[in-house]
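Undergrad: the sequence and its predicted three-dimensional model are supplied below.
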Amino acid sequence: MIRLSEAEWKVMSLLWEEAPQTMMQVTSHFKETTGWTKHTVMTFLKRMEEKGAIYYEEGGRAKLYYPKIDRREAVLQETEGFLDKVFDGRMGLMLNTMVEQQALSREEITELYEILRRAEEKGKEGGEAL
């Protein structure tokens with residue numbers, strides 16, 4: 001399991017959207033919104049490479065960085081880690097907390113109903129009990 005910091009998630013999102021990127025391209029992309037310097041980005045890229053989240057290829061004058069992990073897999077790992085840490089792995093407890101705090105909009109509630117309907121249909125097709 002690869003754990004990414006908030007800053008590393010930003011870099012990964014950029015690489016998932018537009019790979020490859022050079023260190024200078026990443027720096028330029030985030031300079032205005034984060035104030036990251038070349039040295040900061042270099043540190044992030046090195047750490048992310050050591051974690052196995054990204055890799056690089058030599059590309060002329062600069063290294064070209066690519067994501068090594070799939071976005072869906074990273075999101076799943078992060079979600080499972082969050083649920084385990086905060087809600088003892090229980091999705092129902094998380095949703096109940098959100099309902100009690102009135103943190104769900106009408107649109108989000110409608111979306112949840114649709115997700116649950118699809119899950120129920122998949123369970124019926126596979127002959128599984130839900």
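TA: All right, it came through fine. Bear in mind the structure is a predicted one, so any value in this text is a computation, not a measurement. Numbers count the residues shown, from 1 in each chain.

Undergrad: and the residue positioned nearest the centre of the chain, helix, strand or coil?
TA: By Cα atoms, centre = their mean, the chain has its centre lying nearest to residue 75, at 4.2 Å. With DSSP: H, G, I helix; E, B strand; the rest coil as the basis, the three-state label of residue 75 is helix.

Undergrad: relative to residue 96, how far out is it?
TA: Computed as Cβ to Cβ, to the nearest Å, the residue 75 to residue 96 distance reads 22 Å. The C-beta positions use only the backbone N, C-alpha and C, and glycine is treated the same way.

Undergrad: same question for residue 50.
TA: Where residue 96 is concerned, residue 50 sits at a distance of 39 Å (Cβ to Cβ).

Undergrad: for these two, indicate the residue with more neighbours.
TA: residue 96 (12 against 9; other Cβ atoms under 10 Å).

Undergrad: what sits against the more buried one?
TA: Residues near residue 96 by Cβ atoms under 8 Å, 6 or more residues apart in numbering: none.

Undergrad: need phi/psi at residue 2.
TA: Main-chain torsions, residue 2, degrees, to the nearest 10: phi -100, psi 120.

Undergrad: related to what we said a few turns ago, could you check the pLDDT of the residue nearest to the centre of the chain?
TA: You'll see residue 75 listed with a pLDDT of 92.

Undergrad: quick one, strands of the chain?
TA: With DSSP state E, the ranges of strands along the chain come out as 54-59, 62-67.

Undergrad: the closest residue to residue 44 other than its chain neighbours: what's it in contact with?
TA: Nearest non-adjacent residue to residue 44, counting by Cβ to Cβ, 6 or more residues apart in numbering: residue 11, 5.6 Å away. By Cβ under 8 Å, 6+ apart, the contact list for residue 11 reads 26, 30, 41, 44-45, 48, 54.

Undergrad: closest to residue 6 among those?
TA: Set against residue 6, the nearest of the contacts of residue 11 by Cβ to Cβ is residue 44 (11.0 Å).
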